[in-house]
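how would this look folded up:
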Amino acid sequence: MSVHKYTESLQRAKWLLRAIDERVGRSQLPLLSVSIHQGVIRRDSITNDLPRAEDLSNYKVCRTGDVVLNRMRAFQGAIGVCKEDGIVSPDYLVLRPAGSADPRYLHHLFRSEWFISEMTARLRGIGSSDQGNVRTPRINYADLGSISIPIPPLQEQSRIADFLDAETARIEKIAATAKRGRRLLDERRWATVHSFVTGADRSGPHYDPMLGWVRQIPDDWPVVRLKHVADLGSGHTPSRTHAEYWKDCTIPWISLFDVGGMRDVRQTRLTETVQKISELGMENSSACLHPAGTVVLSRTASVGFSTVMGVDMAVSQHFVTWTCGNSLLPDYLLHTLRSMRQYFESVQVGTTNVTVFMPDLQSIKIPLPSTTEQNSIVKRIGAITDNIDLLAARFDSQVSLLAERRQALITAAVTGQIDVSTASGRNVTEGITS
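You can find the predicted model right below:
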């Protein structure tokens, strides 16, 4: 606790935050959600998906000024202060500050590196790691209440909150500009890939191939069903009830945890995965080991994201694979699948849990130029997108640096390491421009 200037004002969180468990009943209050980046906001501002529960009568009521935590993601920053009355998931914690605590100060305090480390040390999980179940971390009210937090005088809390409100808003504005630039580069990259794999960059006669995802291709490019030039496979996850399948693991296994990496369109080869399975698990299940060069596509979470296996791998049931024949190059197929994002969006079904059915994947048609031209297309895409990727990496670095410095500023302010009455957060963004 020596990191705090306010060590003389430490108080247990349970004396400052009272858990509220008021249920909705027939209330018509708006449905709120807790965003890692935006705090407590209306759910319909971030998604059009219907809530998982049809009956919201058991949801919790939160009032203006209440602190709300998503217990499963609070340690990642999913904490915020309500700006309006509303309702939230019954699994959320709704905490009402005592009169000696400024909710805005608590909001910043809870997002500080120091407090997050305190929460992380108190996380509890659902399931058993011994049984191979996925551990779901969450923070309970009793554990949260045991944390001793600094509570300087109310006037000082307000000064800290005013300072951080202004400075973090400025940092977020710069970060938003960088993120917009990154999105524009992604769009440019997609347009470049789409142009090459559909032959739009070529002059000469084109025709309507009835592919369903592109209007025209060169008239000398045949159209084939993908299943006729590549072997379609599907993934399988060995039983989690057999703990021995998940011990002494050596075989790379692509699961939903790896989808985050597949979101990066710069990545064409996947050589490492988060999880692995054992040879025993492979031998006693219908899981298959796919060879390097196999193209893999997510058909559930992040539908349509794809990559090429850089080494032999197995895949979970959330993915499909294509092992290319002699007439189809894996990298050309990868670029083609990535240019079909609108097609995958059109055939996916579901709201909260979306998926693409196998018949839709089996019916995919693609243009198939000669392997010589496929190779040329891959090289031309690489030559152009390498520069795009270099700029994108700079934007990513800028956003990451801003997030780190924002966190450092919050921690320094709430622990008293800087005097907010004289300090400026502008040094936090020194050297970073919009």
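
in the stretch 251-400 of the chain, which spans are helices?
For the stretch 251-400 of the chain, the helices identified by DSSP state H, counting those that start in this stretch occupy 259-262, 279-283, 330-338, 341-347, 358-362, 371-414, in order along the chain.

flag every buried residue along the second one.
Which is helix 279-283. Along helix 279-283, the positions that meet the burial threshold by neighbour count (16 or more other CB atoms under 10 Å) are 280, 281, 282. The way it works is simple: take the backbone N, C-alpha and C, and place the C-beta from them, glycine included.

what's the neighbour count on the nearest residue to residue 113 once chain neighbours are set aside?
Distances taken as CB to CB, 6 or more residues apart in numbering place residue 411 nearest to residue 113, at 4.6 Å, with adjacent residues excluded. Residue 411 is surrounded by 21 other residues when neighbours are defined as other CB atoms under 10 Å.

go on, residue 201?
Once other CB under 10 Å is used to define contacts, residue 201 is seen to have 12 neighbours.

and it, how far from residue 81?
Distance, residue 201 to residue 81, by CB to CB, to the nearest Å: 51 Å.

got it, and residue 57?
Separation of residue 57 from residue 81 (CB to CB): 25 Å.

repeat that for residue 200.
Following CB to CB, the distance that separates residue 200 from residue 81 is 50 Å.

tell me how far the nearest residue to residue 232 once chain neighbours are set aside lies from residue 328.
Distances taken as CB to CB, 6+ apart put residue 322 closest to residue 232, at 5.9 Å, once the chain neighbours are dropped. Computed with CB to CB, the distance linking residue 322 and residue 328 is 8 Å.

between those two, who's got more neighbours?
Between residue 322 and residue 328, counted using other CB under 10 Å, residue 322 has the larger neighbour count: 26 against 21.

the residue nearest to residue 113 contacts residue 112, doesn't it?
Yes: judged on CB atoms under 8 Å, residue 411 makes contact with residue 112 at a distance of 4.3 Å.

residue 328 touches residue 231, doesn't it?
No: counting by CB under 8 Å, residue 231 is not a contact partner of residue 328; they are 10.6 Å apart.

packing partners of the helix or strand containing residue 109?
Counting by DSSP states H and E, the secondary-structure element that holds residue 109 is helix 103-110. Contacts of helix 103-110 with other secondary structure elements, assessed using 3 or more CB pairs under 8 Å, 6 or more residues apart in numbering; DSSP states H and E, are made with strand 67-69, strand 79-81, helix 154-197, helix 371-414.

after it, next one along is what?
Toward the C-terminal end, the helix or strand that comes next after helix 103-110 (DSSP H and E) is helix 113-120.

in the stretch 1-150 of the chain, which segments are predicted with low confidence?
Scanning the stretch 1-150 of the chain for pLDDT under 70 picks out 1-8, 47-54, 125-136.

for stretch 278-291, the distance to its chain's centre please.
Between the centre of stretch 278-291 and the centre of its host chain there is 28 Å, according to CA atoms, centre = their mean, to the nearest Å.

ok, residues contacting it?
Here stretch 278-291 makes contact (CB atoms under 8 Å, 6 or more residues apart in numbering) with 233, 235-239, 242, 244-251, 277, 296, 309, 312-315, 321, 323.

what's the answer for stretch 200-208, then?
By CB under 8 Å, 6+ apart, the residues outside stretch 200-208 that reach it are 194, 195, 199, 215, 216, 217, 218, 219.

and the average pLDDT for that stretch is what?
Stretch 200-208 comes out with an average pLDDT of 87.

shaky segments in the stretch 151-300 of the chain?
Of all residues in the stretch 151-300 of the chain, those with pLDDT under 70 make up the ranges 260-266.

report how many residues lie close to the closest residue to residue 341 other than its chain neighbours.
In space, not counting the residues next to it along the chain, residue 341 is nearest to residue 304; the distance is 5.2 Å by CB to CB, 6+ apart. Counted by other CB under 10 Å, the residues lying close to residue 304 total 19.

any idea which of the helices and strands packed on helix 103-110 gets closest to residue 210?
Shortest separation from residue 210 across the helices and strands packed on helix 103-110 is recorded for helix 154-197, at 16.8 Å, computed as CB to CB.

on contacts alone, who are the packing partners of the closest one?
Applying 3+ CB pairs under 8 Å, 6+ apart, we find helix 154-197 packed against helix 103-110, helix 330-338, helix 371-414.

could you list the buried residues of stretch 327-344?
Residues 328-341, 343-344 are the ones in stretch 327-344 that count as buried (16+ other CB under 10 Å).

for that stretch, measure first residue to last.
With CA to CA, to the nearest Å as the measure, stretch 327-344 spans 24 Å from end to end.

residue 122 is in contact with residue 145, isn't it?
No: in this structure residue 122 lies outside contact range of residue 145 using CB under 8 Å: 10.0 Å.

mind pulling up the pLDDT for the residue lying closest to residue 234 once chain neighbours are set aside?
Closest residue to residue 234 in three dimensions, ignoring its sequence neighbours and counting by CB to CB, 6+ apart: residue 320, at 5.3 Å. Residue 320 is assigned a pLDDT of 91 by the prediction.

so for stretch 355-370, what gets flagged as buried?
In terms of neighbour count (16+ other CB under 10 Å), stretch 355-370 has its buried residues at 355, 356, 360, 361, 364, 365, 366, 367, 368, 369.

returning to that earlier point: of the helices and strands packed on helix 154-197, which shows the lowest average pLDDT?
helix 103-110 has the lowest average pLDDT among these, namely a mean of 88.

and the contacts of it?
The list of residues contacting helix 103-110 from outside it, by CB under 8 Å, 6+ apart, reads 16-17, 39, 65-67, 69, 74, 79-81, 97, 115-116, 149-150, 157-158, 160-161, 164-165, 168, 410, 413-414.

now that helix against helix 154-197, angle please.
60 degrees (axes from the mean of the first three to the mean of the last three CA atoms, to 10 degrees).

for helix 103-110, the distance to its chain's centre please.
Centroid displacement of helix 103-110 relative to its chain, using CA atoms, centre = their mean, is 25 Å.

picking up where we left off before, hang on, isn't the residue nearest to residue 234 packed against residue 361?
Yes: the criterion here is CB under 8 Å, and residue 320 meets it with residue 361 at 5.7 Å.

now do the shared contacts for those two.
Common neighbours of residue 320 and residue 361, using CB under 8 Å, 6+ apart, are 232, 297, 299.

now do the host helix or strand of the first one: which elements does it pack against?
Of the helices and strands defined by DSSP H and E, residue 232 is found in strand 230-234. On a contact count with 3+ CB pairs under 8 Å, 6+ apart, strand 230-234 meets strand 319-324, helix 358-362.
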